[in-house]
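Fold the following and give me the result.
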Amino acid sequence: MNRRFAILSLASLAIAAPAYADPYGAAMEQFELAKRNRDFATGERWIQEALRYGRGNEYAWRSLAWCQARQGKWRESLATAQQNVRRNGATAWSLLQLYESNMVAGNYQEAGSILQAGMRLRNLEGIDYQKTYNQYLLRTSIRTYDLTIELVPEGHRFRGPIKFLIPTNCERQEFINRTIDGGTESRFYTFDNKGFLEVKLVPGQRTLLKGTLILKPHFIDRAALEEATIEMHPRLLPYFKQFRHGATNTYDPNLPALLQIASQIKGESASEKVKSILLWLESNFRYEKLEKDDLPSIISARHGVCHHYCGLFSALSRALSVPARILHVTVIPDLRVGEQQSFNAPGEPTKAHGQNEVWMGAAGWIPLEPQRSQSFGNYTNSVILFGHAGNGPNDNFWQWRSVSICPMTIKLKSLSSGFDSN
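Numbering: from 1, shown residues only. Here you go, the predicted structure:
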């Protein structure tokens, strides 16, 4: 992990402490540097160093819990956030961090109770608690949407039946009550755990796929993740090998440049390795357009978009003997009940996106967002899933004509408690 920005080492501060008029403040300044560089481990250590010289205010304890949560240290984060409330009182900021630490720990119902307590405070210190609570409801509820997808932009022409990849049905999602408006000779079918529609388009006529989309919350047992062991079952073997990603590129987990990065990533258990990969990406990789999408170019550039993030994550995970695969999704907006929104219009940036799943033994396939270090075990299911890729060297998701980039309109019809179904 890159820590070149650290001006003083912890040891040097301790030795030179008598020379500082305010060693507590000096350590907190170093934390701020670490925070700006998103180096959460270093930030945690500097706050702990600061607390050697002072009691610490609410901000210091909250920031400590925040750094720990970003590293996936959910037990430590929760204990710190609780201590912050005991030391500094139940304020808007301390309760907000306690809520976030409980979410990272998987205590979803307790987190909701804390949010409600925060909303009752007279001084919210500028925090939009209502917005946070709405996001919490979306995170923990079963959501039912009306979804309309325009299969091809107006003016586009195809001859003969066209096969489209459509939202898949799986544990986290259902796409039901599907109808076609404007096409002929249509049929729905499933292949390789992916949903497809074959339809003949009528020239000059809009063709709409309509249906009901049901998204289910993904509650995760954090203890089960930590205890996960990876069995060498034959059905998992493809997820340790090289894989196709993009139209022409093969990603090899045994690439020397990749193995050099993997050697820097710490972790004994499967979950520790996954968390370490996410932290490495957050500290060493940035979101920026990259024309090339072969693995050597991605490693050399150290930047890219979602396509590059999820490919590099899968390759690193496989290099560290943790089965991984790529998810192809479309990101949907946060809506209130009765609200609708359209997106993916021609000429606008598409909401199509790439994420990952890792195999965690008895816990199964666990989804994550490779651009968010805290997403492992704290995944927000605000996406439409179109399927996964990476089953083997010849599994190329890009061969399918996916509706993930087509114009869509989505309306949130209802929310119901996700706790009742778990």
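
Give me the three-state assignment for residue 197.
Following DSSP: H, G, I helix; E, B strand; the rest coil, we place residue 197 in the strand state.

er, residue 307 actually
Secondary structure assignment for residue 307 (three-state DSSP): helix.

List the residues that contact residue 194.
Going by C-beta atoms under 8 Å, 6 or more residues apart in numbering, residue 194 touches 165, 168, 386, 387, 400. (Each C-beta comes from the backbone N, C-alpha and C, glycine too.)

For residue 79, see how far away the fourth one is.
In this case it means residue 387. Applying C-beta to C-beta, to the nearest Å, the value for residue 387 to residue 79 is 40 Å.

The two: which has the busier surroundings?
residue 387 (24 against 15; other C-beta atoms under 10 Å).

ok, back up a step: which of the contacts of residue 194 fall in strands?
Those of those mapping onto strands are 165, 386, 387, per DSSP state E.

Make JSON lines out of those residues and add pLDDT and distance to residue 418.
Formatted as JSON lines, these follow (pLDDT from 0 to 100; distance: C-beta to C-beta, whole Å):
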{"residue": "165", "pLDDT": "92", "distance to residue 418": "27"}
{"residue": "386", "pLDDT": "91", "distance to residue 418": "22"}
{"residue": "387", "pLDDT": "84", "distance to residue 418": "23"}
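
Closest one of those residues to residue 360?
For these, the residue nearest residue 360 by C-beta to C-beta is residue 387; the value is 19.9 Å.

Could you give the bridge partners of the closest residue to residue 310 other than its chain neighbours?
Using C-beta to C-beta, 6 or more residues apart in numbering and skipping the chain neighbours, the partner closest in space to residue 310 is residue 354 (3.8 Å). Taking DSSP bridges as the rule, residue 354 bridges to residue 328.

pLDDT at residue 354, what is it?
Residue 354 carries a pLDDT value of 92.

what's the answer for residue 16, then?
For residue 16, pLDDT reads 35.

Kindly report the same for residue 8.
So residue 8 comes in at 38 (pLDDT).

so what's the residue nearest to the spatial centre of the chain up against?
Among the residues of the chain, the one closest to the centroid is residue 369, at 2.2 Å (C-alpha atoms, centre = their mean). By C-beta under 8 Å, 6+ apart, the contact set of residue 369 is 355, 356, 375, 379, 380.

Quick one: which of the residues you listed is the most crowded by neighbours?
For these, neighbours tallied by other C-beta under 10 Å; top is residue 356, 28 neighbours.

Remind me which helix or strand residue 325 belongs to.
Take DSSP states H and E as the rule and residue 325 turns out to sit in strand 324-331.

Spell out the residue ranges of the strands in the stretch 101-250 of the chain.
Assigned by DSSP state E, counting those that start in this stretch, the stretch 101-250 of the chain shows strands spanning 141-150, 161-166, 173-181, 184-191, 194-200, 208-215, 243-244, 250-251.

Adjacent strands (with direction) for the fourth one?
In the sheet, strand 184-191 lines up against strand 194-200 (antiparallel) (DSSP bridges).

Please save the CA atoms from the partner strand in CSV.
Taking C-alpha atoms only, strand 194-200 is exported to CSV below (Å, rounded to 0.1, in the frame of the first residue of the first chain):
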residue,chain,number,x,y,z
LYS,A,194,-29.1,-16.2,-18.0
GLY,A,195,-32.5,-14.9,-19.3
PHE,A,196,-33.1,-14.4,-23.0
LEU,A,197,-35.7,-13.0,-25.3
GLU,A,198,-36.0,-13.8,-28.9
VAL,A,199,-38.2,-11.5,-30.9
LYS,A,200,-38.8,-10.4,-34.5
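
what mean pLDDT does that strand have?
Averaged across strand 194-200, pLDDT comes to 91.

next one: stretch 361-371
Stretch 361-371 comes out with an average pLDDT of 91.

low pLDDT regions in the chain?
Applying pLDDT under 70 to the chain flags the ranges 1-21, 153-159, 390-396, 421-422.

Residue 221 contacts residue 107, correct?
No. Using C-beta atoms under 8 Å, residue 221 is not in contact with residue 107, being 11.2 Å away.

For those two, work out which one has more neighbours and name it.
Ranked by neighbour count (other C-beta under 10 Å), residue 221 and residue 107 place residue 107 first, with 17 against 12.

which residues sit against the one helix or strand residue 274 maps to?
In this assignment (DSSP H and E), residue 274 forms part of helix 270-284. Here helix 270-284 makes contact (C-beta under 8 Å, 6+ apart) with 1-2, 37-41, 70-72, 225-226, 228-230, 261, 264-267, 302, 309, 312-313, 316-317, 320, 322, 358, 360-361, 368, 370-377.
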